[in-house]
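[1] Coordinates for the following, if possible.
(2 chains)
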Amino acid sequence: MNLDALTPIFVSTVVAATPLIYAALGELVTEKAGVLNLGVEGMMLVGAVVGFIVGLSSGSLVLGYLAAACAGVALSLVFGFLTITLQANQVATGLALTLFGAGLSAFVGRSYAGQPIDGAGPLHIPLLSDIPVIGPLLFSFNLLVYGSIALYFAVQWFLNRSHAGLKLRAIGEAPSVSHAIGHPVLKTRYFAVMFGGACSGIAGAYLSTALTPMWVEGMSSGRGWIALALVVFATWKPLRVLLGAYLFGGVTVLQLYAQGFGLHVPSEFLSMLPYLATIVVLVIICRDPKTILLNQPASLGKAFHPDA
Amino acid sequence: MLQLEKRAAPSNGMRLAAPLFATLLMLVTGLCIFLVLGKNPVDAFRVFFIKPLASLYGLGELLLKTTPLLLCALGLAIGFRSNVWNIGAEGQLTIGGIAGAGVALAFGDTESHWLLPLMLLAGVLGGMAWAAIPAFLRTRFNTSEILVSLMLVYVAQLLLSYLVHGPWRDPDGYNFPQSRMFNDWELLPLLWEGVRTNIGFIFALLLAALSWVFTTKTFAGYRMQVAGLAPAAAAYAGFSERRNIWLALLISGGAAGLAGIGEVAGPIGQLQPQVSPGYGFAAIIVAFVGRLHPLGIVLASLLMSLLYLGGEQAQIELALPSAVTGLFQGLLLFYLLAADLLVNFRVKVSA
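    So this is what the prediction gives:
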């Protein structure tokens, strides 16, 4: 097979991986602060519908992305209020957020279902996009794809090189110690949860404006949960999130091209692949309890209150 | 200023009052939503919450929709009590429906009293088998049952879609993606003339009684309770975590599987691309609102069933989107989680 045939496969892999990168990097930061937010799927759905509606009615996709991020933050604040301030069970509250987000998005988006929108087209970068081979390969994506790479570098820098990031990680490992030396545990956790919300919102908006430019009820179809699994798979490391997302993007794309390769498997079985792959990689990573124990933020999922 | 003060011991009264608060808050929010949508709130309220119950047929529908919710939630609650988070009941329900329907399609021409029990058994076993996957992966490979059981929901739905579009499609069905209609001897008998409630509701009530006996009277139930309330104590006492996980997932999977074949061999009467409007997920809310207690779950599943019915009614009469049901479900759980604060804290007014 020649290079020309590989280019679309590479491009669609990157395109399919991008929402996972946003959602998983957001959740990574949330979890690094010790908060497990299982509501990613719900926040993505609301982000998808809000991004779509605002993008359609304002004519500006960037405005749509901003609105989607804000919607994600708003939902994550509900989660934060319940789990951080009221100390509700994080697993139950996250599930509630997912169920609520699914209901809310279907409700809000009912009159927009199936409407077309001018989706995010590829950027044309002067000179770079025109380079043969490399141009179509690397310099012809939409804005959010480059945004996801930038987000990766930002998160990597923040967690490992910035003072605030180190504090956030300390809070995730040992909240009571951090509190004792004067770090604002609750405030930091709120910010981490809000960051996760914003990223999930954008991930959702990417689905409804770039991946398939329309709104369909429940269109995230489990990507929020796959993003959660991706964080575990990446053992809470940003670079592995990035690589893992591309791996999953590749699996998703495989189903589109398998038929073209003369593989006659019913499409439903090919559509199962991303979900089965999620299970397989989870098994591979979790097989050794030490891997999880050494990498998982020590206070993940546990409530903390300064007065308690 | 309002201040929170930790109670010396969790308040039992508040544990029971919190679901009522949550329901009340949900209703108030519902009124606001109706207002925003420009509907007369009193009218909408009547259509949504009163009208479905105003006829015998309506009451029958209420019990009909209660059945799968109750079955799934009872099973899930047993797991939640011991910190086993099976959130894939929707998938186990789907597989239960597939397995049961498979028996009917395989033996369909033989008219026999044994066929229906065999279908129900296949449904239960199918649900159990599907739940055994997360149980095995959790106990053997330490893999989160939350993520695995949820991923399997999508796999189960795709499998169902493959079957009704492919090998199990009714050859005389004008190419619709559905199996043939079931015969009378393959359908659950109805309880009364004129309603659609079937014998599945009795099974669900029996299971509620059984689960009460299991959690309060048996040693296995006690071990699971300890594992949930005090994992360290359970480990110290030598209670096997593996056994708890297997039990919790097999019970909840079996119950969800029964709910699945109950739908397929009940109100649906054939295999269709969708066998449940999200009962398996709604059951998570039912289990929490019912305080993980069998009696509470019976009441909560009646409430949840009313939300489904009200949503359908509002769609027909008021042209409200049926998605309003999902919105109410999510709100209910949020309010409950917030109201739970009052179990451990009391609100004090300070100067």
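[2] Just the helices from the chain, written as ranges.
    You didn't pick a chain, so chain A it is. For chain A, the helices defined by DSSP state H occupy A:3-32, A:40-58, A:61-80, A:90-108, A:134-138, A:143-161, A:163-173, A:175-180, A:185-206, A:223-233, A:238-258, A:267-286, A:289-295.
[3] wrong chain, I was asking about chain B
    B:12-36, B:41-45, B:56-81, B:89-107, B:115-141, B:145-165, B:200-217, B:219-229, B:231-236, B:241-263, B:279-289, B:294-318, B:324-339, B:341-344.
[4] For the ones you listed, give me a markdown table that also has distance to residue A:43 and mean neighbour count.
    Yep, even glycine has a C-beta here, placed from its N, CA and C like the rest. Compiled in a markdown table, these are given as follows (distance: least, Cβ to Cβ, whole Å; neighbours: other Cβ atoms under 10 Å in any protein chain shown):
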| stretch | distance to residue A:43 | mean neighbour count |
| --- | --- | --- |
| helix B:12-36 | 20 | 16 |
| helix B:41-45 | 29 | 15 |
| helix B:56-81 | 23 | 26 |
| helix B:89-107 | 20 | 28 |
| helix B:115-141 | 24 | 22 |
| helix B:145-165 | 16 | 23 |
| helix B:200-217 | 34 | 17 |
| helix B:219-229 | 28 | 18 |
| helix B:231-236 | 30 | 13 |
| helix B:241-263 | 27 | 27 |
| helix B:279-289 | 16 | 28 |
| helix B:294-318 | 23 | 21 |
| helix B:324-339 | 12 | 24 |
| helix B:341-344 | 23 | 18 |
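[5] closest to residue A:282 out of those?
    Closest approach to residue A:282 among those is made by helix B:145-165 (6.1 Å; Cβ to Cβ).
[6] now the closest one, how far from the chain's geometric center?
    Centre-to-centre, helix B:145-165 and its host chain are 17 Å apart (Cα atoms, centre = their mean, to the nearest Å).
[7] Can you name the residues of the stretch 101-250 of chain B sitting close to chain A?
    Within the stretch 101-250 of chain B, the positions adjacent to chain A are B:137, B:141-144, B:146-148, B:150-155, B:158-159, B:161-162, B:165-166 by Cβ under 8 Å from any Cβ of the partner chain.
[8] Can you tell me how far residue A:17 is from chain B?
    18 Å (Cβ to the nearest Cβ, to the nearest Å).
[9] picking that back up, need the helices of chain B in TSV with mean pLDDT, can you?
    Listed next are those as TSV, based on pLDDT from 0 to 100:
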stretch	mean pLDDT
helix B:12-36	85
helix B:41-45	82
helix B:56-81	92
helix B:89-107	93
helix B:115-141	94
helix B:145-165	93
helix B:200-217	90
helix B:219-229	85
helix B:231-236	84
helix B:241-263	93
helix B:279-289	91
helix B:294-318	88
helix B:324-339	86
helix B:341-344	78
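[10] Determine which of these approaches residue A:78 most closely.
    So among those, helix B:324-339 is nearest, using Cβ to Cβ, at 6.8 Å.
[11] Excluding chain neighbours, give the residue nearest to residue A:170 in space.
    residue A:178 (5.0 Å; Cβ to Cβ, 6 or more residues apart in numbering or on different chains).
[12] who touches the one you found in this structure?
    With contact set as Cβ atoms under 8 Å, 6 or more residues apart in numbering or on different chains, residue A:178 has these partners: A:167, A:170, A:171, A:185.
[13] which of those has the most neighbours?
    residue A:171 (28 neighbours; other Cβ atoms under 10 Å in any protein chain shown).
[14] Wait, it touches residue A:182, no?
    No: using Cβ atoms under 8 Å as the test, residue A:171 is too far from residue A:182 to be in contact (11.6 Å).
[15] So which bits of stretch B:173-193 are buried?
    B:177, B:178, B:179, B:180, B:182, B:186, B:187, B:188, B:191 (16 or more other Cβ atoms under 10 Å in any protein chain shown).
[16] how much space is there between the fourth one and chain A?
    Okay, so that is residue B:180. Taking Cβ to the nearest Cβ, one finds residue B:180 at 20 Å from chain A.
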